[in-house]
Structures are given as C-alpha cells and as structure tokens.
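J.: Got a predicted structure plus its sequence, pasted below:
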Amino acid sequence: MMNNPPEGTPAPAVHARSLTVVRGSRPVLRNLDFDVPPGQITGLLGPSGCGKSTLMRAVVGTQAKVTGTLDVLGRPAGHAALRSRIGYVTQAPSVYDDLTVRQNLDYFAAVLDPGRAAAERRRRHVSQALADVDLAAHAGDLAGRLSGGQRSRVSLAVALLGAPELLVLDEPTVGLDPVLRRDLWDLFHRIAAERGTTILVSSHVMDEAERCHRLLLLREGELLADDTPEALRRRNDTATVEDAFLHLVDTANALQETAR
Amino acid sequence: MNAHTTPTTVPATVSAPRLAHSLSRILATATRVLRQLRHDPRSIALMLLVPCLMLFLLRYVFDGSPQTFDAIGASLLGIFPLITMFLITSIATLRERTSGTLERLLAMPLGKADLIAGYALAFGLLAVVQSALATGLAVWFLGLDVVGSAWLLLLVALLDALLGTALGLFVSAFAASEFQAVQFMPAVIFPQLLLCGLFTARDNMQPVLEGISNVLPMSYAVDGMNEVLRHTDVTADFLRDVLVVSACALLVLSLGAATLRRRTA
C-alpha cells in the first residue's frame, strides 16, 4: 500500500487522511492529515473551540459524522476490538459521584476485564491505577466528596486501568495546582517510556506543550503545524512554543483578512 | 497481515466465554447500581415505605367499604412498582448520560444490552423487595381479600416494575435535564393512570377512551392484578395480561437500547 511507512519505521498509532467532522451543518474539522507516532506524547493544542475535543472523540470512536481515513492502532477508529485498547479521559471527570474511588475503579475494571478468573488481575490493575494517580489514601472516599483535582485524577485512573496502548486525555490538568500538574506530566512520561503507551493529550496551557514529543496545533478545525516543539521554535524563530503558536495564529489571521 | 479469514468454527468456541463475559458485566453493572443506591439510604427508604404508607392510608380512607379497598388496593399493587421504577430509572439513566459515564462505558467493551440488563436486574431486585413488602402488608395486615395466590400478585408486580424500568429508560433519552425527566411522569404515566380502570371499569368509558385504554400497557398491569384478586387459579385473561405486559416491557427496552448511541454529535 502507498501509505505504508518505510521499513524500520513503526506504524503510526493514529493515522488520519482528509479527516473531516461535521456537527450540525458546520464542519468542525476540515481535511486533517496527520500521524501520531507510537510510544510518544503528542500534544494537541489550540484555542478553545478549535476542535480539540471533537478530534479526540473521533479517535476514541464516540464522534458521529466522521469522514475520511482515521485508523487507530491499525484499525478504523471506533472498531469494537479497540474498545479495550484505548483509555479515554473526557474534559469533565466522568465517574460516579455516589461511589467510592475504589468502587468506581472496581466497576470499570470489571467491564474491561470481566470474569471471576480475572479477579486477581483486576485487583492488581486497580491498585496500580490508584498508585499511579496518587489516590491510594483516598480509595475509600466517595468520589463526590473529593476536590475537583482529585476527581479528575479518579477519572484518569479509570483510563489507566488495564494498561491501554493508547491514552486519549482531554485537558487532564485543568484546574490542578502546579505541583500536581508537574507530577501528572512526570507520570505521562513514565507511562510512555516504561509501558510504551502512546499518549494524545490536549491542553491550552502552553508551557505543557514544551513537555510533549510532538505537537499538533489546531485552529478553527485546521492544522496549523505538526512538528516537534524544538522544530516549531526554530522554524518560527521564537524562544517558546507559545510565541511560535501566536506567530502562526497571527499569520493565519492576517492571511484570512487579506483574502476577504 | 491478519486479514486471513478465520475458520467458521472459531465463533462457535468464542461464543461461550463471550456469553460468560456478558453475564459478568451484567452482574457488575447491577452491583454498581445497587452500591450507588446504598450510598443513598433515604431514597431506598422512600422507595420501600411510601407504597406501604399509601396502602395503609387507603385502607382507612375506605374504612366503610372494604370492597372498594380490595379493588383499588390490588390495582395499586400493580401501579406502585411501575411508577417508582419509571422515576428512578429515568433519573438514573439521565444522570449516566449527563455525567459522561455513559459515553465512557460505551467507549469500553460493554454491550448496550449488558448495560440495560444490569439496570433491569438491579431495579428488578428492588422491585421484588418493594412488592413483597406492599403485598405482605396489604394481604396479611390490612385484610386485602385476594382469592388467588399472593405469588401471582408478586409476579405481576415484578413485570410491572420491569415495564416501568423500560419506560423510564426510553423516556430519559428525550429529557435534557432532570427537570424535564420528572415532567415526563405526568405526561407518560398520568394518562395511563386515568385510563387503566382504577377509577372506573374500562368498559364504562367513552368508546374512544376505552379503545385507547386497550392499547396502553398499564391497563393490562391492573387487569392482571384484578384477575388474581377474583380467581383462585390462573385464568386465560391473566395469561394474556402477563404476556402483554412482558411483551411491552421487552419492546420498550429494545427501543431504549436503540437510544443509547456509541457515536454522538
């Protein structure tokens, strides 16, 4: 096939060609072409409303009206076989407020890896996920009684269950204090390095962009850039990714003005 | 590549563990729903005690005419589980939709039927307890005069609860908020309540209304209760009622399953 990568390069974890998503009658994502390399952290950046969440939902397979090519872990996005291989964290923490942290994890673990024979493995996965997000001390607390940052970490722990090959994280560090944010990014790097997990993470905090291996810059449903943070800074001759991003957005806006 | 077609014998060997997985996911879901409820003891108390209180009130409201209490009491034993389960299912599934947990579950390897069956199992168990309490109270303490078996009363109550669960699940797809979900109760339940034969025999109604009452499931729920009230053995009408209520519940449950979409706009 034409799109096959050359010998030696691993197949991309996410492979998109002329990916378009329509909501209502409005296109939210327009003709995106990009690849997400496996085992790395790819940051998805852009102003709010630019289509970050829609792109993540398309990758996970919960977004309707997706056209073009979108392959995830070698299968079309949304394929039933992918459901246990992808961990997904929505922007708002999606956990049961009237269950304890451990009960939440127990339930989702039982959905992912059912059966009595797997009970021991599930118990291990739950403890591992609790330790990963540093919530072991709160395992017996009701999720609804936790602070906002703790609840979003419960949501993250659910996504970590069963060591998924691809983690899709929609703004996982929103509302967290700097210490927790640093700890979570350390965790993301550890997971990518030790478990070979591919991470697709969205953010609008630009200093987090510097911690990604690759960046996808999105603006009004179109890709402005698809590069490493270093290359972005070099190409735009800026000191930070934030400046590079602003430079690219300003250029795009100016182009749009003159076209009018 | 793994494009080679697998031999046709493989799905047959795969289906047994798949069924087992499906069953354990249903059990896990039911356990989760019951655990959620356990953190809310006030709701459980309301669910179990309000029907008993209503029956108690009714018994002494109709102190002078025990026959009226017999007729209305038996009908209510069928109506309570339907209404309670309708309410809690519609709110519970709506919460599941708005909290994002439904989207998360449907992005996991959980069948829609497994989710629905899990809910039906959990609320079904609750309905058994509720109906057992209400039936026991009515028959043994309030002197409800039932000719048939109390077990049959319980069976109809359970099917009614299932119908309520089904209706609640279906309706929750059309409610954008808990406020709207509660408003669906008068819209879906009250017309059936008026037409089910609780207030007056259905053949006394204006013919058009009688026609409508013939296609509403609650009419059969109440009919079934009254059959047990009046006959010692299982009558043909009773079987018809039980079949109609079960079929309606299954139909609405599958309609409800169709409203759970893995992909949404």
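T.: Okay, I see it.
J.: dump the residue contacts of A:Glu242.
T.: Counting by CB atoms under 8 Å, 6 or more residues apart in numbering or on different chains, A:Glu242 makes contact with A:206-207, A:209. From N, CA and C alone the C-beta is placed, and that goes for glycine too.
J.: Next: B:Gly118.
T.: With CB under 8 Å, 6+ apart, B:Gly118 has these contacts: B:25-30, B:32-33.
J.: quick one, phi/psi of it?
T.: Note on B:Gly118: its backbone torsions stand at phi -60, psi -50 [degrees, to the nearest 10].
J.: Residue of chain B nearest chain A, please.
T.: Chain A sits closest to B:Gly100 of chain B, with a gap of 3.1 Å, by CB to the nearest CB.
J.: Strands of the stretch 51-200 of chain A, start to end?
T.: Using DSSP state E, counting those that start in this stretch, the strands of the stretch 51-200 of chain A run over residues A:66-72, A:75-76, A:86-89, A:166-170, A:198-203.
J.: Could you dump those into a markdown table and include mean pLDDT, mean neighbour count and distance to chain B?
T.: Below are the strands of the stretch 51-200 of chain A laid out as a markdown table (pLDDT from 0 to 100; neighbours: other CB atoms under 10 Å in any protein chain shown; distance: least, CB to the nearest CB, whole Å):
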| stretch | mean pLDDT | mean neighbour count | distance to chain B |
| --- | --- | --- | --- |
| strand A:66-72 | 95 | 19 | 8 |
| strand A:75-76 | 94 | 12 | 10 |
| strand A:86-89 | 94 | 26 | 5 |
| strand A:166-170 | 95 | 23 | 9 |
| strand A:198-203 | 94 | 25 | 14 |
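J.: Quick check: buried residues in the helix or strand B:Leu251 falls within?
T.: According to DSSP states H and E, B:Leu251 maps onto helix B:236-258. Buried residues in helix B:236-258, defined by neighbour count with 16 or more other CB atoms under 10 Å in any protein chain shown: B:238, B:241-242, B:244-245, B:248-249, B:252-253, B:256-257.
J.: cool, and stretch A:47-61?
T.: A:50-61.
J.: Check stretch B:116-123 too.
T.: Going by neighbour count (16+ other CB under 10 Å), the buried part of stretch B:116-123 is B:116-123.
J.: next one: stretch B:147-155
T.: So stretch B:147-155, judged by 16+ other CB under 10 Å, has buried residues B:148, B:150, B:152-155.
J.: ditto for stretch A:243-260
T.: Quick answer for stretch A:243-260 (16+ other CB under 10 Å): A:244-245, A:247-249.
J.: Stretch B:101-121 too?
T.: B:101-112, B:114-121.
J.: returning to that earlier point: dump the buried residues of stretch A:243-260 to a markdown table, plus distance to B:Ala20 and secondary structure.
T.: Formatted as a markdown table, the buried residues of stretch A:243-260 follow (distance: CB to CB, whole Å; DSSP: H, G, I helix; E, B strand; the rest coil):
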| residue | distance to B:Ala20 | secondary structure |
| --- | --- | --- |
| A:Ala244 | 53 | helix |
| A:Phe245 | 51 | helix |
| A:His247 | 57 | helix |
| A:Leu248 | 53 | helix |
| A:Val249 | 53 | helix |
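J.: Which of those residues sits closest to chain B?
T.: Nearest member of the buried residues of stretch A:243-260 to chain B, counting by CB to the nearest CB, is A:Val249, at 27.1 Å.
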